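Undergrad: Whatever this is, show me its structure:
(4 chains)
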Number of protein chains: 2
Amino acid sequence: MFADFEKYIKTQTAVLTDDEISMIARAATVTNVRKKQLLLQAGDVCRYKIFILEGFLRTYGVDADGEEHVMQFSPALTWTTEGESYANCIPSNYNIEAIEDSRLMLWTKDTFTGLMSNIPSLKQYSENLVAQNLHTSRNRLYKAISATAEEKYEDFVKTYPGILLRVPLRMVASYLGVSLKTLSRIRQAQLQR
Amino acid sequence: MFADFEKYIKTQTAVLTDDEISMIARAATVTNVRKKQLLLQAGDVCRYKIFILEGFLRTYGVDADGEEHVMQFSPALTWTTEGESYANCIPSNYNIEAIEDSRLMLWTKDTFTGLMSNIPSLKQYSENLVAQNLHTSRNRLYKAISATAEEKYEDFVKTYPGILLRVPLRMVASYLGVSLKTLSRIRQAQLQR
DNA sequence: GCAAAACAGCGTCAAATGTCCTCTTTCAGG
DNA sequence: CCTGAAAGAGGACATTTGACGCTGTTTTGC
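TA: Here you go, the predicted structure:
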């Protein structure tokens, strides 16, 4: 049932034993969600750490004009949560939504904290994930303030070649911080070459 | 000598005892740097965690056109480092420069790691800093992809009221990801009101 | 199946932003 | 006291981007 999870975790870290990974997996709740279903609604407190077994999620905010802005795409075999809300038990600014039918593993904060205190290696792995998230976020921020729309698009295509084919272009535009019009102009221009 | 450091840390965390804080402080090297002096040059490995006792630093990248892009301002009584380079001992993409004469505390990675293994509370505090950095970075990223230039400027003024008076506007523009011209238009328009 | 919604390309126009330039002021170094 | 560099305002012009409306196609829900 958790074979994918266990296999994936082993590729990510050498510090966890098979038994530990199995214990972590057994503590999770598995749920299936349908496309368009919300896993976290802005204003609510994020109660879970999520691991995606199958499917595809997105994290996005909605501004005062009702515009959506995609913060993150979360494909299968990745972790996600809304860290600020989860860590501090405060209302989230972001929504998490399934953009494909998905199968997820969920851990409540209590459960996950308990696991970490019993399994020091999990704590270490978890810290590594936070640190990596920070580096990813900073590098994306750097692109956001320094690159042209076209450079951001090319960077996206290079970094996440698979995503482009699975999500609507308007979400890609939103992720890049440009209008759909701009994105389609860029794509048009690249076709001409 | 470290009175400011010790006092500040006590306001930040309750988990460290006076003795522990003092031990951390004594493990640091204090250096004075002059305005415009580089603490880290892109391409080098970042060897230190830095705490700023007095002065002001900035972290910035330089793109292929030679343009500078400010990732971060670091005023007195804050921590800074280039986390990706520091953690993985890889060449840094960013420079860290003093923009005022500054007095700094430095810890090498060996020293700091040693402190953390002797003082579990320091590890905890340090993890909190990483997590907070991540939230700050994500929130800034959200602004970068969702807000207009004027909203970003107003947000900056509200969030860091002190910085505006101490750094050249071109660095603020660079931090916001807009040209100096755009920033000066925004400021001009606001004066008219 | 069928109607409605979502998606994405395109044209037009207006607004936002950038580049290049000049001019003035300030300030640090000799 | 002089001088050159840095800072920043602002004009002129070009480019980029966005908003809006329209269209045809695909997908979705019933």
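
Undergrad: What segments of chain A are helices?
TA: A:3-12, A:18-26, A:83-88, A:109-118, A:120-146, A:149-159, A:169-176, A:180-191 (DSSP state H).

Undergrad: Which residues are in contact with the residue nearest the centre of chain A?
TA: For chain A, residue A:74 is the residue whose C-alpha lies nearest the centre (CA atoms, centre = their mean; 3.4 Å). Residue A:74 is in contact with A:50, A:52, A:56-59, A:80, counting by CB atoms under 8 Å, 6 or more residues apart in numbering or on different chains. Heads up, the C-betas are built off the backbone N, CA and C, glycines and all.

Undergrad: Kindly reformat the helices of chain A as TSV containing mean neighbour count, mean pLDDT and distance to residue B:138.
TA: Formatted as TSV, those follow (neighbours: other CB atoms under 10 Å in any protein chain shown; pLDDT from 0 to 100; distance: least, CB to CB, whole Å):
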stretch	mean neighbour count	mean pLDDT	distance to residue B:138
helix A:3-12	14	92	22
helix A:18-26	15	95	25
helix A:83-88	18	97	7
helix A:109-118	15	98	19
helix A:120-146	18	97	5
helix A:149-159	16	96	17
helix A:169-176	20	98	13
helix A:180-191	13	95	22
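
Undergrad: Need the ones you listed in a markdown table (columns: distance to residue B:153).
TA: Converted to a markdown table, the helices of chain A look like this (distance: least, CB to CB, whole Å):
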| stretch | distance to residue B:153 |
| --- | --- |
| helix A:3-12 | 41 |
| helix A:18-26 | 45 |
| helix A:83-88 | 24 |
| helix A:109-118 | 37 |
| helix A:120-146 | 13 |
| helix A:149-159 | 20 |
| helix A:169-176 | 21 |
| helix A:180-191 | 22 |
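
Undergrad: Go through the ones you listed and name the closest to residue B:32.
TA: Nearest to residue B:32, of all those, is helix A:120-146, at 28.0 Å by CB to CB.

Undergrad: relative to helix B:169-176, how tilted is the closest one?
TA: 120 degrees (axes from the mean of the first three to the mean of the last three CA atoms, to 10 degrees).

Undergrad: Mind checking if helix A:120-146 is in reach of chain B?
TA: Yes: with CB under 8 Å from any CB of the partner chain as the measure, helix A:120-146 is seen reaching chain B through A:127, A:130-131, A:133-135, A:137-142, A:144-146.

Undergrad: where's residue A:80 relative to DNA strand D, distance?
TA: Residue A:80 sits 22 Å away from DNA strand D when distances are taken as CB to the nearest atom of the strand, to the nearest Å.

Undergrad: Now that residue. Nearest residue, chain neighbours left out?
TA: Of all residues not flanking residue A:80 in the chain, residue A:74 sits nearest, at 4.2 Å (CB to CB, 6 or more residues apart in numbering or on different chains).

Undergrad: Need the pLDDT of the one you found.
TA: Note on residue A:74: pLDDT of 97.

Undergrad: Next: residue A:1.
TA: Taking residue A:1 on its own, its pLDDT is 71.

Undergrad: how about it, what does it touch?
TA: Going by CB under 8 Å, 6+ apart, residue A:1 touches residue A:30.

Undergrad: Quick check: it vs DNA strand C, distance?
TA: In this view, residue A:1 and DNA strand C are 32 Å apart by CB to the nearest atom of the strand.

Undergrad: just residue A:155 next, same as before
TA: Between residue A:155 and DNA strand C the distance is 18 Å, computed by CB to the nearest atom of the strand.

Undergrad: Residue A:50 contacts residue A:79, doesn't it?
TA: Yes: Residue A:50 is within contact range of residue A:79, at 6.8 Å (criterion: CB atoms under 8 Å).

Undergrad: Sounds good, over and out.
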